[in-house]
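Participant: Fold the following.
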Amino acid sequence: MWHRRETRRPTEKTNLNLSYRKKPVYSTQYKATQLNTALIKILREAETIFIAGEALSHCVANTVRDMASYMGKRHVKNFVLLKDCTSSVSGFEHFGEAFIDELTSLGMRLENSTDF
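Facilitator: Predicted coordinates:
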């Protein structure tokens with residue numbers, strides 16, 4: 001389930017921060033609101049992590065940024081963004097492009113699903 005962490009609308013200066021991994025409210029009482037460390041461990045051990053989904057400019061970008069942050073930047077080299085399996089929200093393509101530039105500079109690869 002995707003959770004909104006910010007209520008303002010995205011503009012040229014702000015990006016609506018949506019992420020699969022971050023919950024809008026953390027609680028020590030509810031395990032579901034805490035970081036899934038077991039999943040992070042599994043991802044750290046993976047040789048390749050294929051990335052696909054909607055929307056590249058928002059949900060995908062922020063989830064992958066969170067993954068990189070929690071897993072450690074050195075694991076980004078294992079990320080493969082499937083270009084033909086994602087797209088940005090219309091009008092926000094620049095967010096998707098900025099994300100791709102940011103993560104490819106850290107080692108993320110770009111491929112098409114037909115390459116595998």
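
Participant: which other residues reach the longest strand belonging to the chain?
Facilitator: Longest strand in the chain by number of residues (criterion: DSSP state E): strand 79-87. Strand 79-87 is contacted from outside by 48-56, 60, 64, 67-68, 96, 100, 103, 107-114, using Cβ atoms under 8 Å, 6 or more residues apart in numbering. Quick note: C-beta positions are derived from backbone N, CA and C, even for glycine.

Participant: where does this structure have its least confident helix or strand?
Facilitator: Lowest on mean pLDDT, DSSP states H and E among the helices and strands of the chain sits strand 3-4, with a mean of 42.

Participant: just to revisit the earlier point, give me the subset of the contacts of strand 79-87 lying in strands.
Facilitator: Restricting the contacts of strand 79-87 to those inside strands, with DSSP E as the criterion, leaves 49-54, 109-111.

Participant: can you pull out the helices in this structure?
Facilitator: Here the chain has its helices, by DSSP state H, at 37-45, 61-71, 93-104.

Participant: Quick one: mean pLDDT for the longest strand of the chain?
Facilitator: Strand 79-87 shows a mean pLDDT of 96 in the predicted model.

Participant: Check which residues of it are buried.
Facilitator: Within strand 79-87, the residues scored as buried using 16 or more other Cβ atoms under 10 Å are 79-83, 85-86.

Participant: how big is the angle separating that strand from helix 93-104?
Facilitator: Interaxial angle, strand 79-87 versus helix 93-104 (axes from the mean of the first three to the mean of the last three Cα atoms, to 10 degrees): 170 degrees.

Participant: hang on, Cys59 packs against Ile51?
Facilitator: No: using Cβ atoms under 8 Å, Cys59 is not in contact with Ile51, being 11.2 Å away.
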